[in-house]
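# Make a model of this:
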Amino acid sequence: MSVDELGKHKSMKLYLYPARSQNEFLALNKRALGELGYAVKPVNKAFVRDLLRMKKDATVVLHWVEDRVYGRTYRTVFQYFFKMVALIIFSGIFAKKVVWVRHNFQPHSGSKTNYRYRFLCWLYELMKIKAVSLEEYYSTPSLLHPLYKSDDELQSQIDDPETLESQKSHLVVFFGAVKKYKNLHHVLDTWPQDIPLKIAGRCSDQEYETFLLDKIAQLGLHVVWDNVFLSDEALNDVLKNTKFVLLPHADNTMISSGSFYHAIGEGCNVLTNTSRFGLAKSQKHEFVTIYDSAVLSEAYLKSIHQDRTNVMHDALACYGNKPVLNAWRKVLALSEN
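So this is what the prediction gives:
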């Protein structure tokens, strides 16, 4: 990027909604946008004043807007709904460019009808705001989900494989919040009794937790469940000692999976189901396999396992800082010079 272009983009403001999240995803993208010369600001009262003054000279990036009208109290859900409607309309009218990043096919905490979700998606279309996703199988151009580890750290581990040596005490791990849409109950129905499975994550739904524990006991499965919230440090320690990560999410839920990018940054192989996400990744990467419980065995897993450094090398090449920046350039129509 030339000095003139850099100065131009620094004079432009980019507004990001929401301003923060529970994981590092937004912080990583803020950093990438900063490298492209944008001053990233939150959507707040100043956002309204600035957009009214700027005469269509600002960019707005919206994450999870259509998802945030669920999982709340009856009173606040409608407050959020009308706030999200206002945010979409105001951004569409007064911003130079609006980037709607769609993360899911439907909200994780939605209803059977999902009327509010469907209305917000329709409103985006009415405002001529096209969905951009984190996966090229869904949208072109698409953004890229950044890795949760820096390029330098990954490269140093690839260059010095001894730092990756571990006991690999976990053959297969399912990690993250345990929720119904992640399909763990269906996986357990056909999971082989002789394949150890570690579940690392908390279930906040007591009824679902009891259902899963009963199923594990009734089927006599070799399952160890750490039913607690894991810090990033604790989770990374688990992944460093894991050969395969299991991602069995239902096909009609998520477009992309942050768990996938967290896992491959630690060099884990991935077992997934025949979702659109799973099929796309299995066609692109040798370390991703569509699992079939009928052929699942320790010998089979050993035969398909890819070396940890190979996984990291592929992850860095495909999802490192440079391809992430290039994806943002395409979506924002910036020059690479």
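
# how about the helices in the stretch 201-337 of the chain?
With DSSP state H, counting those that start in this stretch as the criterion, the stretch 201-337 of the chain has helices at 206-219, 232-240, 258-265, 276-284, 298-304, 308-319, 321-332.

# I'd like the average pLDDT over the first one.
For helix 206-219, the per-residue pLDDT values average out at 96.

# Summarise which helices and strands it is packed against.
Where contact means 3 or more C-beta pairs under 8 Å, 6 or more residues apart in numbering; DSSP states H and E, helix 206-219 is packed against helix 184-190, strand 223-226. Where C-beta positions appear, they are placed from N, C-alpha and C, glycine not excepted.

# for the fourth one, same thing?
For helix 276-284, the contact count by 3+ C-beta pairs under 8 Å, 6+ apart identifies strand 269-272, strand 288-290 as packing neighbours.

# angle of that helix against helix 308-319?
If you take axes from the mean of the first three to the mean of the last three C-alpha atoms, to 10 degrees, helix 276-284 sits at 110 degrees to helix 308-319.

# Next: the longest one.
Calculated by the same axes, to 10 degrees, helix 206-219 forms an angle of 140 degrees with helix 308-319.

# thinking G220 is in contact with Q193, fair?
Yes. Using C-beta atoms under 8 Å, G220 is in contact with Q193, at 5.6 Å.

# would K149 count as being in a helix?
No. Going by DSSP: H, G, I helix; E, B strand; the rest coil, the assignment for K149 is coil, not a helix.

# For L147, see how far away V238 is.
V238 sits 17 Å away from L147, going by C-beta to C-beta, to the nearest Å.

# ok, the two, which is more surrounded?
Taking other C-beta atoms under 10 Å, V238 and L147 do not tie; L147 has more neighbours (23 against 20).

# From Y319, how far out is the nearest residue to that one once chain neighbours are set aside?
Among residues not flanking L147 along the chain, G265 sits closest, at 4.4 Å (C-beta to C-beta, 6 or more residues apart in numbering). Distance, G265 to Y319, using C-beta to C-beta: 8 Å.

# Tell me where the model's unsure across the stretch 201-337 of the chain.
For the stretch 201-337 of the chain, the stretches with pLDDT under 70 are 334-337.

# Now tabulate the helices and strands packed on helix 206-219 in JSON lines and tack on mean neighbour count.
Formatted as JSON lines, the helices and strands packed on helix 206-219 follow (neighbours: other C-beta atoms under 10 Å):
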{"stretch": "helix 184-190", "mean neighbour count": "15"}
{"stretch": "strand 223-226", "mean neighbour count": "16"}
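
# Can you tell me what sits against the lengthiest helix in the chain?
If you go by DSSP state H, the chain has its longest helix at helix 74-94. For helix 74-94, contacts defined as C-beta atoms under 8 Å, 6 or more residues apart in numbering pick out 17, 43, 48, 51-52, 54, 56, 58, 60, 62, 65-66, 68-70, 72, 98, 116, 120, 123-124, 127-129.

# what about it, average pLDDT?
Helix 74-94 shows a mean pLDDT of 88 in the predicted model.

# Stretch 173-184 now?
For stretch 173-184, mean pLDDT is 92.

# measure that stretch end to end?
This stretch, stretch 173-184, spans 12 Å end to end (C-alpha to C-alpha, to the nearest Å).

# Now it: buried residues?
For stretch 173-184, a neighbour-count test (16 or more other C-beta atoms under 10 Å) marks V173, F174, F175, G176, V178, K179, K180, Y181, K182, N183, L184 as buried.

# For the third one, give me phi and psi.
By that I understand F175. The phi and psi torsions at F175 (degrees, to the nearest 10) take the values phi -130, psi 160.

# What of the fourth one?
Backbone dihedrals for G176, given as degrees, to the nearest 10, come out at phi 110, psi 180.

# ok, now which ones touch it?
Here G176 is in contact with K182, A200, G201, S259 (C-beta under 8 Å, 6+ apart).

# rerun at 7 Å
G201, S259 (C-beta atoms under 7 Å, 6 or more residues apart in numbering).

# Good, wrapping up.
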